[in-house]
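A.B. asks: Kindly generate the corresponding structure for this input.
(chains A and B)
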Amino acid sequence: MSPPRRYGNDEIALRLERLADLLELTGANPFRVRAYRTAAETIAAHDVRVADLPPEGLLALKGVGKDLAQAVRDLVEHGEIPQLTELEREVPVGLLDVKRVPGVGPKRAAALWQALGVTGLDDLEREGRAGRLAGLAGFGEKSQAKILAGIERVRAHQGRLRLVDAEAAVVPLVAALEEAPGVVRLDVAGSYRRGRETVGDLDVLVEANDPEPVMAALRDYHGVAEVQGTGPAKTSVVLAGGLQVDLRVVEREAYGAALLYFTGSKAHNVELRSRAAERGLRLSEYGLFELGDDGEPGRRVAGATEGEVYRALDLEPIPVELREARGEIEAAAAGTLPRLLTHEDLRGDLHLHTTWSDGLGSVAEMVAACEARGYAYMAITDHSQALRMTGGLDAEKLARQWEALDAFAAEHDGITVLRGLEVDIRKDGTLDLDDEWLARLDVVIVSVHSFFDLSPVAQTARIVAALGHPEVNVLAHPTGRVLARRDGYELDLDEVFAAAAAHRVAVELNAAPSRLDLGDVPLMRALAAGCQVAVNTDAHAVAGLDDMRFGVLTARRAWATPEHVINTWPLDRLKAFLAKA
DNA sequence: GCCGTTTTCGGCCCGACTGTTTTCAGTCG
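C.D. replies: As a prediction, the model looks like this:
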């Protein structure tokens, strides 16, 4: 018997999504499938642990009724959802990969399975190469060729691009497209615009006097590997890196509606359309329309700008980062949208490295760079001694660094440089520096860099113990995940947040684009638990200081206000927090 | 499977494209 586990919201949501996917392959009622997906989304975005809710609390969740509540309880109490177990026996799970091939949905995946016994990508490729797909009802030569090409893309391009990688593709692409004659306006919409931590593809929207030149500019763009389709309204290409780009030319009167539509999220759009329907209106990418007596769209009441559409639906305009159907529409209706963090609110960066440990920039370079960014304060936080490979600092080396900092400060008064250290949390929860020295630091950051595979209970206890140390100020990269490479260590984040709030330790939003840790959803939970947050770059070089923009985006997605973020505070207030005064 | 000031049944967001058909299902965003 394995010990009882504590299921996080993400884990529960993942299983419900899988249930929906498998159900779909059996040809189940689409609305029933959607019900599972809706419940999964609700649970993933919920700010308290669903596993701890009493039955009536579960039922109060939007989209969770009797059966879904039972499924959650089954999972939490017995470690499995009988219906899911049953489906996994019945349906080959490899079909889920088959369904990911462009042009193959649940119906066709099921047809391939029934007719040809296809149970995964390898089967699909074999059947395609043998020419047996083209003979199937509803399939032809073109479908077969498209599927064969799609298999490669699924294999080659598993997963999504990190936001920073997408940005690297976007900047030169936008520059090239904007040069096309006749372009009036251009926006990159989609999850990129919403600032999601990873991006699946790019939706580019253009208003142009003449659509053809900008379409041509995309087709001829040097980074294009394949033109998938091109017409008067839309052109689709795949860039060399595998990123798909859809370019749409939109007329001026509908630009706002189209921008809204293609920015998403899908769930946000669904809620907006429902709201439109409640008012006898219809919302589409072409605008917000009154309905005529025949039920068909009539007069356009809004569409030129996003703000116009929101206001016509009696909503405050909603910032792009919030458009995830996490309560933003209710808040916009009530006039209670938060005043979100902006880059200009930040007065300093409290986590960065120098050549004293594994940084590439000297103290002088990092300080000058922070000053140039307009910061009022900063903290130098090199590694502690446990990380030998980084040249981590022991007490003796720390003393020498302070001498250097003091000498430096005597000649530079433009910015306050705080004495910090990123102190390793040892396996047993003790800290990698003596109390006497910890007490002399202005900022004590603690973090985990070893023993990632402790049991969730031990990992949680280890971190909670560290947070209880009276000198600790910030918990850095709380989950330890590295985007597109490894998941975070297993732990009970809600317990960690509760401890952090109780001990007045801020949780970090590490803005390094490979981490973004905490991510938006767990950060929302931390804020709900009463935690303060520090948005830091963890820069190991001057250029890394500019990663702050990813941190700001992620913080905004978590509904963070300047008040939540300790490095927006004036120095006096920050010092009081650090001193736990 | 969920939900309700059109409430316990009958809806559930909308539109376009593609490839396959000969009037449309499936997929996609």
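
A.B. asks: Residue of chain A nearest DNA strand B, please.
C.D. replies: Among all residues of chain A, A:G140 sits closest to DNA strand B, at 1.9 Å; criterion: CB to the nearest atom of the strand. For glycine as for every other residue, the C-beta is placed from the backbone atoms N, C-alpha and C.

A.B. asks: give me every residue that touches the most centrally placed residue in chain A.
C.D. replies: For chain A, the residue sitting closest to the mean C-alpha position, by CA atoms, centre = their mean, is A:E197 at 3.5 Å. Contacts for A:E197 (CB atoms under 8 Å, 6 or more residues apart in numbering) come out as A:R162, A:L163, A:L483, A:L516, A:G519, A:D520, A:T554.

A.B. asks: would the last one count as being in a strand?
C.D. replies: No - remark: A:T554 does not belong to a strand; assigned using DSSP: H, G, I helix; E, B strand; the rest coil, it is helix.

A.B. asks: so it touches A:L509, yeah?
C.D. replies: Yes - using CB atoms under 8 Å, A:T554 and A:L509 qualify as a contacting pair, with a distance of 5.9 Å.

A.B. asks: higher neighbour count, these two?
C.D. replies: For A:T554 and A:L509, the more surrounded residue by other CB atoms under 10 Å is A:L509, and the numbers stand at 31 against 27.

A.B. asks: Buried residues in the strand or helix carrying A:A576, which are they?
C.D. replies: A:A576 belongs to helix A:571-578 when elements are defined using DSSP states H and E. Neighbour counts over helix A:571-578 (16 or more other CB atoms under 10 Å) mark A:L574, A:K575, A:F577, A:L578 as buried.

A.B. asks: which residues touch it?
C.D. replies: Under the contact criterion CB under 8 Å, 6+ apart, helix A:571-578 has outside partners A:347-348, A:376-377, A:416, A:418, A:442-443, A:473, A:504, A:506, A:532, A:566-567, A:569.

A.B. asks: got a list of what the residue of chain A closest to DNA strand B touches?
C.D. replies: Contacts here follow CB under 8 Å, 6+ apart; on that basis A:G140 touches A:A134.

A.B. asks: Against A:L133, how distant is it?
C.D. replies: Applying CB to CB, to the nearest Å, the value for A:G140 to A:L133 is 9 Å.

A.B. asks: go on, A:E330?
C.D. replies: Distance check for A:E330 against A:L133: by CB to CB, it reads 47 Å.

A.B. asks: cool, A:E396 as well?
C.D. replies: Distance of A:E396 to A:L133, computed by CB to CB: 70 Å.

A.B. asks: Comparing the two, which shows the higher neighbour count?
C.D. replies: Residue environment comparison for A:E396 versus A:L133 gives the larger neighbour count to A:L133, 24 against 8, counting by other CB under 10 Å.

A.B. asks: And that one, its phi and psi?
C.D. replies: For A:L133, the backbone dihedrals (degrees, to the nearest 10) come out as phi -70, psi -40.

A.B. asks: thinking it is in contact with A:K142, fair?
C.D. replies: No - contact between A:L133 and A:K142 fails when scored by CB under 8 Å: they sit 10.5 Å apart.

A.B. asks: per-residue pLDDT, A:P4?
C.D. replies: In the predicted model, A:P4 carries a pLDDT score of 48.

A.B. asks: which regions of the stretch 101-250 of chain A lie under the pLDDT threshold?
C.D. replies: A:156-159 (pLDDT under 70).

A.B. asks: Residues of it that sit close to DNA strand B?
C.D. replies: Contacts of the stretch 101-250 of chain A with DNA strand B, taken as CB under 7 Å from any atom of the strand, map to A:101-109, A:134, A:137-144, A:146, A:190, A:201, A:203, A:229, A:231, A:233-234, A:244, A:246.

A.B. asks: Name only those of those that count as buried.
C.D. replies: The neighbour count (16+ other CB under 10 Å) marks A:101, A:104, A:106, A:108-109, A:139, A:143-144, A:146, A:190, A:201, A:203, A:244, A:246 as buried among these.

A.B. asks: still on that earlier bit, give me the common contacts of A:T554 and A:L509.
C.D. replies: When CB under 8 Å, 6+ apart defines a contact, the residues bordering A:T554 and A:L509 alike are A:L516, A:L518, A:L523.

A.B. asks: Name the nearest of these relative to A:L283.
C.D. replies: Distance to A:L283 across the shared contacts of A:T554 and A:L509 (CB to CB) is lowest for A:L523, with 30.2 Å.

A.B. asks: Leaving out the residues flanking it, which one is nearest to that closest one?
C.D. replies: Sequence neighbours aside, A:A558 is the residue nearest to A:L523 in space, at 3.8 Å (criterion: CB to CB, 6 or more residues apart in numbering).

A.B. asks: Was I right to think that neighbour contacts A:C531?
C.D. replies: No - here A:A558 lies out of contact with A:C531, judged by CB under 8 Å, at a distance of 11.0 Å.

A.B. asks: quick one: which of those two has more around it?
C.D. replies: A:A558 (27 against 24).

A.B. asks: List the contacts of that one.
C.D. replies: A:L509, A:L518, A:D520, A:V521, A:L523, A:M524, A:L527.

A.B. asks: And A:T230, by the same measure?
C.D. replies: Taking CB under 8 Å, 6+ apart as the criterion, A:T230 is in contact with A:M215, A:R219, A:S236.

A.B. asks: Equivalent analysis for A:D10, please.
C.D. replies: Remark: with contacts taken as CB under 8 Å, 6+ apart, A:D10 is in contact with A:A44, A:V521.

A.B. asks: That concludes my questions; thank you for your assistance.
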